[in-house]
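Asker: Provided below are the primary sequence and the corresponding predicted coordinates.
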Amino acid sequence: MPEAVVMDAWYSSLDNLKSIRSHGWVWVTTLRKNRIVNHNKQLNKLDISEEGTPIHLRGYGWVTVFKFTAKNGRIDYIKRVA
């Protein structure tokens with residue numbers, strides 16, 4: 001019985017997230033920077049705090065997002081269930 005599901009953004013469709021939630025599992029995945037959140041805002045346009053920022057995913061609900069910036073400048077947005 002898994003305690004958590006960790007996946008790439010490719011698998012972060014609403015259907016997959018809802019299915020994981022229906023099993024009561026925790027999940028962690030990346031989000032594309034242009035993902036629409038908080039009722040029509042692009043994720044990369046939001047200020048994401050170091051402690052994580054709660055955002056609303058349309059069709060799913062509230063999750064917490066973290067922003068990681070690599071030394072080469074690449075930015076990844078990681079979300080988890082709030």
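Answerer: Looks like it came in fine. Residues are numbered from 1 along each chain as shown.
Asker: With just CA atoms, put the strand or helix carrying Asp15 into CSV.
Answerer: Using DSSP states H and E, Asp15 maps to helix 14-22. The C-alpha trace of helix 14-22 is given here as CSV (Å, rounded to 0.1, in the frame of the first residue of the first chain):
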residue,chain,number,x,y,z
LEU,A,14,-7.3,16.3,-13.0
ASP,A,15,-8.5,12.8,-13.6
ASN,A,16,-5.3,11.3,-12.3
LEU,A,17,-5.2,13.6,-9.3
LYS,A,18,-8.8,12.9,-8.4
SER,A,19,-8.2,9.1,-8.7
ILE,A,20,-5.2,9.3,-6.4
ARG,A,21,-7.3,11.4,-3.9
SER,A,22,-10.1,8.8,-4.0
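Asker: State the mean pLDDT of whichever strand in the chain runs longest.
Answerer: Identified as the longest strand of the chain according to DSSP state E is strand 61-69. Averaged over strand 61-69, pLDDT sits at 89.
Asker: re the thing from before, could you give the mean pLDDT of the helix holding Asp15?
Answerer: Average pLDDT, helix 14-22: 93.
Asker: could you check the angle strand 61-69 makes with it?
Answerer: With axes from the mean of the first three to the mean of the last three CA atoms, to 10 degrees defining the directions, helix 14-22 sits at 110 degrees from strand 61-69.
Asker: So which residues make contact with the longest strand of the chain?
Answerer: 31, 37, 43, 46, 48, 52-57, 75-82 (CB atoms under 8 Å, 6 or more residues apart in numbering). To be clear about C-beta, it is placed using only N, CA and C from the backbone, and glycine gets the same treatment.
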